[in-house]
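here are the coordinates; sequence isn't available:
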């Protein structure tokens, strides 16, 4: 994709991305209610998360990078929806875009790559929880065929207030 300045590529996340992925996630931990984590992570604390997303199978990590600099512009994951075995064909998906890379179509590129990678996997449904309000994320998910199936009211507390989470699902 042409961003006007440079090309963007999407590829599987690898170990060398850990520091940049941790820094990106920590921005959302510190500055937003998009994640309900409240304490920042070290790269070593995030390593098990990275390793739980191999290059194949239903649990993926895809990163978008500037082709020339390899700077990480965002990432997407598919992760286990719940730990019980009957949920094995369901995944929870998420997208994080670097704060200075918004409005460039990075989320769309990432989700496109993720869902293409999942097409041959034994996955039946994808779910996404979106802290409210977040119209941009709602639009992104709708673009990929997610539909809102309900809202948990005041389910998380961060920054001294309660936040709702709307749940979306998509047939795969």
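Looks like it came in fine. Please read all numbers here as calculations on a predicted model, not as lab measurements. Numbers count the residues shown, from 1 in each chain.

so where do the helices sit in the protein?
Along the chain, the segments classed as helices by DSSP state H run 18-31, 43-51, 106-118, 135-143.

TSV please, covering those helices and showing mean pLDDT, distance to residue 92 and mean neighbour count.
Heads up, the C-betas are built off the backbone N, CA and C, glycines and all. Converted to TSV, the helices of the chain look like this (pLDDT from 0 to 100; distance: least, CB to CB, whole Å; neighbours: other CB atoms under 10 Å):
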stretch	mean pLDDT	distance to residue 92	mean neighbour count
helix 18-31	98	15	17
helix 43-51	97	13	13
helix 106-118	97	12	20
helix 135-143	96	12	16
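
of all the ones you listed, which one is nearest residue 128?
Proximity of the helices of the chain to residue 128 was assessed by CB to CB; the nearest stretch is helix 135-143, lying at 5.6 Å.

low-confidence ranges in this structure?
Scanning the chain for pLDDT under 70 picks out 1-6.

of all the helices of the chain, which lies closest to residue 37?
Across the helices of the chain, residue 37 has its closest neighbour in helix 18-31 (4.8 Å, CB to CB).

any idea of the angle the closest one forms with helix 43-51?
110 degrees (axes from the mean of the first three to the mean of the last three CA atoms, to 10 degrees).

quick one: stretch 65-80 to chain centroid distance?
Distance, stretch centre to chain centre, for stretch 65-80: 10 Å (CA atoms, centre = their mean, to the nearest Å).

ok, stretch 90-110 next?
For stretch 90-110, the distance to the chain centre is 6 Å (CA atoms, centre = their mean).
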